[in-house]
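In: Have a look at this prediction, sequence included:
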Amino acid sequence: MRIGIAADHGGFALKAQLAEALEASGYEVADFGDHELNPEDDFPDFVVPLARALARGEVSRGLAICGSGVGACVAANKVPGVRAALITDSFSAHQGVEDDDMNVMCLGGQVTGPALSLELVRIFLKARFKGRERFKRRLAKVAALERENP
């Protein structure tokens, strides 16, 4: 599985730790940046290219990290086909995939520690969409919203 990962300065350290752990576990990791710690960088510059790559099928899942995880989540969800959520607990890490086909997990590098973050990422990556009719129906409604012109 090819995993995309992106972070601004607020998630830079966590991104490095997660990427190393994922590669050690056999995942291919595509790093969308930032590639150096820059306190003046902006999360959309890294999260949006990750989200677009996911929407094009270039990565299977994405991890988007900023200080709180909120901004990364907002930015990722602006890209059609991306279903991102800020995750802080194990239930949401798998349920978001199983029921809502979440494909980007957002984390707060200043909020969630590395051990918990790695546990949540592992749960997220192992989870699979259940594909029940009611879940597909709900996702079709979300996809219809993405096609509307404002």
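Out: On my side now, so go ahead.

In: Quickly note the distance from Leu22 to Gly71.
Out: In this structure, Leu22 and Gly71 are 22 Å apart, going by C-beta to C-beta, to the nearest Å. In short, each C-beta sits where N, CA and C put it, glycine included.

In: Helix or strand with the lowest mean pLDDT in this protein?
Out: Ranking every helix and strand in the chain by mean pLDDT, DSSP states H and E puts helix 133-147 at the bottom, with a mean of 93.

In: can you give me how far that one is from the chain middle?
Out: Relative to its parent chain, helix 133-147 has a centroid offset of 20 Å by C-alpha atoms, centre = their mean, to the nearest Å.

In: list the buried ones in it?
Out: Leu139 (16 or more other C-beta atoms under 10 Å).

In: Please enumerate the helices of this structure.
Out: 12-24, 44-55, 70-76, 90-100, 114-126, 133-147 (DSSP state H).

In: now those helices in JSON lines, with distance to Gly62?
Out: Output for these, formatted as JSON lines (distance: least, C-beta to C-beta, whole Å):
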{"stretch": "helix 12-24", "distance to Gly62": "12"}
{"stretch": "helix 44-55", "distance to Gly62": "5"}
{"stretch": "helix 70-76", "distance to Gly62": "7"}
{"stretch": "helix 90-100", "distance to Gly62": "12"}
{"stretch": "helix 114-126", "distance to Gly62": "10"}
{"stretch": "helix 133-147", "distance to Gly62": "17"}
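
In: just checking, Thr88 touches Val111?
Out: Yes. Assessed by C-beta atoms under 8 Å, Thr88 is found in contact with Val111 at 7.4 Å.

In: Please work out which residues outside stretch 24-42 touch it.
Out: 1-9, 12-13, 15, 19, 22-23, 45-47, 49-50, 53, 58-59, 122, 125 (C-beta atoms under 8 Å, 6 or more residues apart in numbering).

In: All set now, cheers.
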